[in-house]
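K.L.:
Following is a predicted model, sequence given first.
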Amino acid sequence: MTYLRTAAGALLTALLLALPLALLPTTATATAAEAPRIALSRTEGGKGGEITVSGSGWKPGALLMLLVCGQSAPGKGVIGGTNSCANTDGRAATVDAKGSFSAKLPVAEPPVPCPCVVHVAGVTGQQDSVDAAFTVAGHPTAPLPETAGTGRLAVLTSARLEGSSGVLVWFGAPARREVVVTLGNLGQTPVKDPVFEVGTSHGVFAPQYEERQWRGTIEPGRKALVRLPVELTAGAHGDYQVSVRFGGKVLVEQPWGVGRPWGVTLFWVLLALVVPAALFRIGMAVVDRVRPAARVPRGRRARARTSAPASASAPVSVSEPTAVLPWFTPDSAPSETSPTTKGQA
């Protein structure tokens, strides 16, 4: 009996220890399955008012962007991109450690008619976006533009970047490429002249999308080779990522490594060498022009002034005095009338 009681106690202890471990995967799965969502304090407001936007299920520490956008509806996304939003009145919010946030958002009129939404999208980290219907009182309304076959395109082959950098890119010109991908129409209606969103991101920042329209029609069950241009800003270098989005869904993500524009560095190095040399030459030329003439000694100038009139007229000959021989006195020097008597005595 003692042995059975001991075995039962050990089994019960093992079950109690294993129970929390068994619950951990379920809790993690539930947390991972929780999708980001938002809630509005009011669903209608006029220009100049303010609403509170709150949310949960977001990645902790993520930076979010809050906007009032027109030509939009939940489930269809912002049709015109951020160009359809009141960007100047947007607000930013940071998700707390529990995955929640709450921020005040002023009610503003978007540049396009309603139906409108409050658009919340991730800027760093998690890049999900959630829309909630909102009515801007007094703002014009218009039907949403019709789209043919939106959201029925799928990537059939891996994307690639085509193109090369010219000499000007080495000196800081914008780098350009083409995103080439084969897309297939999995829907029942043709997709005519689809409008894609092409964006580039660097580091932890979210892509900045720009609209690119592809001319053509993709029939149901058919495929097409799509080429979309992409361009970086002048002087951009480093590791970038190109994203292509259609119907609110990211279709392509392609890395792009851009080399440093060494020509700009070479230019500045040469400029640092040439400019000091040029300034030195200019300074020496200025010194030569403002430097006073060499001074002539005073005595030499006096003799030059004294002899100047004489030299200007007839030349004047000055006879030097005759040296007297040392063995004659002035009164006993020989002459033509009284020759010397030396040696006659």
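P.N.:
Everything's here; your move. Numbering: from 1, shown residues only.

K.L.:
Surely Trp268 is in a strand?
P.N.:
No - residue state for Trp268 (DSSP: H, G, I helix; E, B strand; the rest coil) corresponds to helix; a strand is not indicated.

K.L.:
when you give positions from now on, start the count at 6
P.N.:
Yes, from this point I'll number from 6; that puts the last item at Trp273.

K.L.:
Which per-residue confidence value corresponds to it?
P.N.:
pLDDT for Trp273: 78.

K.L.:
And the strands in the stretch 206-350 of the chain?
P.N.:
Counting by DSSP state E, counting those that start in this stretch, the stretch 206-350 of the chain has strands at residues 213-218, 222-223, 228-236, 243-251, 254-263.

K.L.:
cool, and the stretch 56-205 of the chain?
P.N.:
According to DSSP E, counting those that start in this stretch, the stretch 56-205 of the chain carries its strands in the segments 68-74, 77-78, 82-83, 96-99, 106-111, 121-129, 134-142, 158-160, 165-167, 181-190, 196-197, 200-207.

K.L.:
Out of those strands, which is closest to Gly226?
P.N.:
strand 181-190 (6.6 Å; CB to CB). (C-beta placed from N, C-alpha, C; glycine too.)

K.L.:
so for that closest one, what's the average pLDDT?
P.N.:
In the prediction, strand 181-190 has an average pLDDT of 90.

K.L.:
ok, back up a step: export the strands of the stretch 206-350 of the chain to JSON lines and append columns for mean pLDDT, distance to Ala159 and mean neighbour count.
P.N.:
JSON lines is the format used below for the strands of the stretch 206-350 of the chain (pLDDT from 0 to 100; distance: least, CB to CB, whole Å; neighbours: other CB atoms under 10 Å):
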{"stretch": "strand 213-218", "mean pLDDT": "85", "distance to Ala159": "18", "mean neighbour count": "14"}
{"stretch": "strand 222-223", "mean pLDDT": "88", "distance to Ala159": "11", "mean neighbour count": "19"}
{"stretch": "strand 228-236", "mean pLDDT": "90", "distance to Ala159": "9", "mean neighbour count": "16"}
{"stretch": "strand 243-251", "mean pLDDT": "87", "distance to Ala159": "10", "mean neighbour count": "18"}
{"stretch": "strand 254-263", "mean pLDDT": "85", "distance to Ala159": "8", "mean neighbour count": "15"}
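
K.L.:
Looking at these, which is nearest to Leu188?
P.N.:
strand 228-236 (5.3 Å).

K.L.:
Identify the residues contacting the residue positioned nearest the centre of the chain.
P.N.:
For the chain, the residue nearest the mean C-alpha position is Ala241 (5.5 Å; CA atoms, centre = their mean). Residues counted as contacts of Ala241 (CB atoms under 8 Å, 6 or more residues apart in numbering) are Pro179, Ala180, His207, Val263.
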